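**Q** Okay, predicted coordinates and the sequence, questions at the end:
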Amino acid sequence: MLERMDPSEPRPRAWTDRRLWLMAAFGFVAGLPLPLSGFTLRQWLAEGGAPLAVIGLTANIALAYSLKFLWAPSLDNLAPPGPLRRLGRRRGWLAAIQPALVLAAVALALSNPAVSPGPALAAAAAVAFLSATQDIAIDAWRIEVFPARLQGMALAAYVWGYRIALLIATTGVLAAVGWIGWHAALLCLAALIALGLAVTLLAPEPALPPAMAAPVAAGPFGRLRRAVLEPLREFLARPGAWAVLAFVALFKLGEAMAGIMTVPFYRALGFDRPTIAGVGPFSLGGTMAGIALGGLLVARIGVGRALLWTGWAQTAAMGMYLVLAYSPGDRTMLYATVLTEAFAQGMADAAFLTYLSGLCSLAFTATHYALLSSLASIAVHTLGGLSGVLAASVGWKAFYALCMLAALPSMGLMLYLLRRFPPDEARGP
């Protein structure tokens, strides 16, 4: 499925490879905007007294992360605007996207969702769109800069940078709010997002992949065929393709529905802002440990069995929310829940992302990865938008029981796919 390193080759020297440090920096700047359409935005809305239905609908604001495959081919096939073309295809597009992303983050920071939620939600939607577009370009840069034997290390560096950024954009912002208020705290986050342009200028431009250097048939249809139709046709022609797509779309649904409503859930149990901010280190530590163990499982027992084990662990870990629902105000149980859930999610993410990478054809890696990673969150940002309505209707205990049940269809599809189409047979040519 994935290229294995020849034992006779020297091990890559991670700490001295400049590209891996740049990958971690790209992960950092990519992770900063995400909470501005998610956790941090929901906390701001919750403190402003927004109803649960409105908070739940913030899942739809981030729909851009699920739909990015629609415009990902444009970044593959269109030249960056104006003088930015001199930076190359990947760096040129990043240099065009990143200043606009900073401006959207500033607009959100200067808004007032408690008084006028419309402008705040519009700015958050712009942040989500531009952040998703930045993700497309960074994923393509990673795939094109690193050889196959270093892709795993590159992804690990990216995740570490990304998770540290999430900690700053959630726990860090919530802690800063108590000192300087929401507007100043979010302006500081926008300043950190602005560092992305410096990372882009320091990064090398990858060589043009052979597939993209091949001549294209004249006319708009020829460009459309290479950019969109050929990657889709290649993937859908594989045996079991539709079952694979259904599994990818549903795998994170239950866990994500549970996570969407954690802010109002914690507040309903009597936890204040400093306590909620204090869960960040537990979440980060659990996630990092889970990713490390998940990667080890993939290496030791294969991606198929690792995906099976970690998928069930992720589903079972959601039971901690039920335990917490019966323990209002218990900080120890809160931290245990966050740590357990983050650890299980990190393990599942390591196996799941490896599985997604293995589904990408080498001829269409960037487009396939955008398609699959978008699809992995589409149910979250559509069905997940009803989570607030569901929680308000049935109560927290029943809600988290339903979240566990929502994970079962993907587990059934996983068993079917691993039996009929093993991971090493699922990849295209």
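**A** Nice, thanks for sending it over.

**Q** Domains in the protein, by residue range?
**A** 17-208, 222-429 (automatic domain parsing).

**Q** and those domains as JSON lines, adding mean neighbour count and mean pLDDT?
**A** Glycine gets a C-beta too; all of them are placed from N, C-alpha and C. Output for the domains of the chain, formatted as JSON lines (neighbours: other C-beta atoms under 10 Å; pLDDT from 0 to 100):
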{"stretch": "domain 17-208", "mean neighbour count": "20", "mean pLDDT": "86"}
{"stretch": "domain 222-429", "mean neighbour count": "19", "mean pLDDT": "80"}
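
**Q** Where do the strands of the stretch 251-400 of the chain begin and end?
**A** Remark: no strands are assigned in the stretch 251-400 of the chain by DSSP state E, counting those that start in this stretch.

**Q** shouldn't residue 132 be in contact with residue 70?
**A** No. Taking contacts as C-beta atoms under 8 Å, residue 132 lies outside contact range of residue 70: 10.2 Å.

**Q** shared neighbours, those two?
**A** Common neighbours of residue 132 and residue 70, counting by C-beta atoms under 8 Å, 6 or more residues apart in numbering, are absent.

**Q** separation between the residue nearest to residue 268 when sequence neighbours are not counted and residue 331?
**A** Using C-beta to C-beta, 6 or more residues apart in numbering and skipping the chain neighbours, the partner closest in space to residue 268 is residue 396 (6.5 Å). For residue 396, the distance to residue 331 equals 17 Å [C-beta to C-beta, to the nearest Å].

**Q** do residue 63 as well
**A** Residue 63 sits 35 Å away from residue 331, going by C-beta to C-beta.

**Q** again, but for residue 259
**A** On the measure of C-beta to C-beta, residue 259 and residue 331 end up 19 Å apart.

**Q** Likewise for residue 408?
**A** Distance, residue 408 to residue 331, by C-beta to C-beta: 31 Å.

**Q** now residue 297
**A** Using C-beta to C-beta, residue 297 is found at 31 Å from residue 331.

**Q** ok, now residue 146?
**A** With the distance defined as C-beta to C-beta, residue 146 ends up 42 Å from residue 331.

**Q** again, but for residue 138
**A** For residue 138, the distance to residue 331 (C-beta to C-beta) stands at 37 Å.

**Q** and if you look at residue 133?
**A** 40 Å.

**Q** likewise residue 36?
**A** From residue 36 across to residue 331, the span is 27 Å (C-beta to C-beta).

**Q** same question, residue 266
**A** For residue 266, the distance to residue 331 (C-beta to C-beta) stands at 11 Å.

**Q** Please apply the same query to residue 417.
**A** For residue 417, the distance to residue 331 equals 41 Å [C-beta to C-beta].

**Q** can you give me the helices for the stretch 151-300 of the chain?
**A** For the stretch 151-300 of the chain, the helices defined by DSSP state H, counting those that start in this stretch occupy 151-167, 173-193, 196-202, 210-213, 220-224, 230-236, 241-250, 253-260, 262-268, 273-277, 280-301.

**Q** just so I know, which of these lies nearest residue 321?
**A** helix 253-260 (5.8 Å; C-beta to C-beta).

**Q** Great, nothing more from me.
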